[in-house]
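# Sequence and predicted structure are below.
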Amino acid sequence: MTKFIEEPNILKPNRQLQSDEYFNEKDQLIYCSKCHTPRQSRHMLQGKIFLPSILCKCQREIYEQEEAQRTLREKQFEIEHLKASGLQDKALYDYTFDKDNGMNTEMKLAHNYVDNWEKMKSNSSGLLLWGDVGTGKSFFAGCIANALLEKGVPVLMTNFSRILNTLTGMHFEDRNQFIDSLNRYSLLIIDDLGIERNSEFALEQVFNVIDSRYRSKKPLIVTTNLTLQELNTPSDLPHKRIYDRILERCVPVRINNRNIRQENASANLQEAKKILL
């Protein structure tokens, strides 16, 4: 509660001193015994002197440290919430730049994409990561996802098999709402395009997802085992409608021809042999 003093020349504190305080008779304010800065300020209003309490230097430092810790906790909670929502496979949590073993020579492009995210976002620029099975496409995309999530950017990394399983059995209106909900994410990453079933229903829903993302003008990253030749020369109109939209917005990046998954498995096997033998 704010105190006021009618006698301007009073030479005693206007409240009881704490154990770490003292009264400075020169300016008639209460000071901190540790940092020797005032814990009161002086204001004159309508002939009365007000001495409201303020934070001394060491109290401000403690307050700022606590606020910084609180802000950090809130940010960490937000990131954990974003990851829980955006990384639907727990294995994706380990797809981070610090886990990169250097086997993927194109990984510098993933760093560049993250470093220039705001420009990529404003240009609706995505990536088409293509290459053989096991070359590190999912890891490449996952590194981008985790790096942006750490910055507080909403990212969803999923695949069409999961999306189609969700859409199956839904009413038409519910399907549209679900597809629209994918556009709440600043970046949508769809892993393994082409492994989903090729039924009429599946192709229609794949097109709806891609087309909705296209019209939202938000970035899309797609990984696929299909070759760039297959994507550029599809055998039918339904696939052409899908691939054309992807190729218009996504920069094709061929991931190296080394089978990283196979090499990792071989290395793990050799290590196991050493342990056993």
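Ah, there it is.
# Quick check, Leu149 in contact with Val155.
Yes - between Leu149 and Val155 a contact is recorded at 5.4 Å, counting by C-beta atoms under 8 Å. In this view, the C-beta of every residue, glycine as well, is placed from N, C-alpha and C.
# what touches both of those two?
With contacts defined as C-beta atoms under 8 Å, 6 or more residues apart in numbering, the residues shared by Leu149 and Val155 are Leu82, Gly86.
# What lies in contact with stretch 224-244?
Residues contacting stretch 224-244 (C-beta under 8 Å, 6+ apart): 128-133, 137, 192-195, 200, 203-204, 206-207, 210-211, 246-247, 252, 254.
# Which members of the residues you listed are classed as buried?
128-131, 137, 192-194, 203, 206-207, 210, 246 (16 or more other C-beta atoms under 10 Å).
# Tell me which of these has the lowest pLDDT.
Confidence by pLDDT is poorest for Gly194 among the buried ones among the contacts of stretch 224-244, given 84.
# that older thread, which of the buried ones among the contacts of stretch 224-244 sits closest to Trp117?
Using C-beta to C-beta, Leu129 comes nearest to Trp117 of the buried ones among the contacts of stretch 224-244, at 16.6 Å.
# Secondary structure of that closest one: a helix, I assume?
No - Leu129 is assigned strand when assessed by DSSP: H, G, I helix; E, B strand; the rest coil, not a helix.
# I'd assumed Lys137 was in contact with it.
Yes - at 4.4 Å, Leu129 counts as touching Lys137 under the criterion of C-beta under 8 Å.
# Tell me, how many residues neighbour the residue nearest to Glu150 when sequence neighbours are not counted?
Nearest non-adjacent residue to Glu150, counting by C-beta to C-beta, 6 or more residues apart in numbering: Ile79, 6.1 Å away. Per other C-beta atoms under 10 Å, the neighbour tally for Ile79 reads 16.
# just checking, next helix/strand downstream of the helix or strand encompassing Ile79?
Assigned by DSSP states H and E, Ile79 belongs to helix 57-86. Sequence order places helix 107-115 as the next helix or strand after helix 57-86, per DSSP H and E.
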